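Undergrad: give me the fold of what follows.
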Amino acid sequence: MARSIAPLEDEVDAMNREMYELVEDKIRRNPDQLECLMNFFTISRCIERIADHATNIAEDVFYMLEGDIIRHKGKAISEEMG
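TA: Modelled structure (predicted):
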């Protein structure tokens with residue numbers, strides 16, 4: 001399971017960027033809905049942080065099982081874990 005986390009975290013990052021762009025556009029079109037739209041962005045950002053934490057846990061598990069440190073390797077993590 002630890003091996004499958006890194007690629008999914010990239011997907012969550014992409015979804016967070018998409019949400020930011022969507023919220024930004026909606027705020028420009030509907031400034032009266034600012035508070036509600038900012039809540040959507042906050043939720044998206046929190047989900048992205050959860051994905052970051054899950055990745056950190058997966059990296060720790062990978063280290064415990066394989067003895068390799070894979071933190072801070074960017075895209076290489078997906079390749080090394082996969």
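Undergrad: so for the residue of the chain most remote from its centre, what's the pLDDT?
TA: Going by Cα atoms, centre = their mean, the residue of the chain most distant from its centre is Asp32, 28.9 Å out. pLDDT, Asp32: 96.
Undergrad: now do Ile43
TA: So Ile43 comes in at 97 (pLDDT).
Undergrad: so which helix or strand takes in Glu9?
TA: helix 5-29 (DSSP states H and E).
Undergrad: show me the shaky parts of the chain.
TA: 72-82 (pLDDT under 70).
Undergrad: now the helix holding Glu9: buried residues?
TA: For helix 5-29, the neighbour count (16 or more other Cβ atoms under 10 Å) marks Ile5, Ala6, Glu9, Val12, Asn16, Met19, Val23, Lys26, Ile27 as buried. Bear in mind the C-beta positions are built from the backbone N, C-alpha and C, glycine included.
Undergrad: make JSON lines out of those and add distance to Ile47.
TA: Formatted as JSON lines, those follow (distance: Cβ to Cβ, whole Å):
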{"residue": "Ile5", "distance to Ile47": "14"}
{"residue": "Ala6", "distance to Ile47": "17"}
{"residue": "Glu9", "distance to Ile47": "11"}
{"residue": "Val12", "distance to Ile47": "7"}
{"residue": "Asn16", "distance to Ile47": "7"}
{"residue": "Met19", "distance to Ile47": "9"}
{"residue": "Val23", "distance to Ile47": "14"}
{"residue": "Lys26", "distance to Ile47": "18"}
{"residue": "Ile27", "distance to Ile47": "19"}
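Undergrad: regarding this protein, what is its longest helix?
TA: Counting residues, the longest helix in the chain under DSSP state H turns out to be helix 34-66.
Undergrad: okay, the angle between that helix and helix 5-29?
TA: Angle, helix 34-66 to helix 5-29, by axes from the mean of the first three to the mean of the last three Cα atoms, to 10 degrees: 170 degrees.
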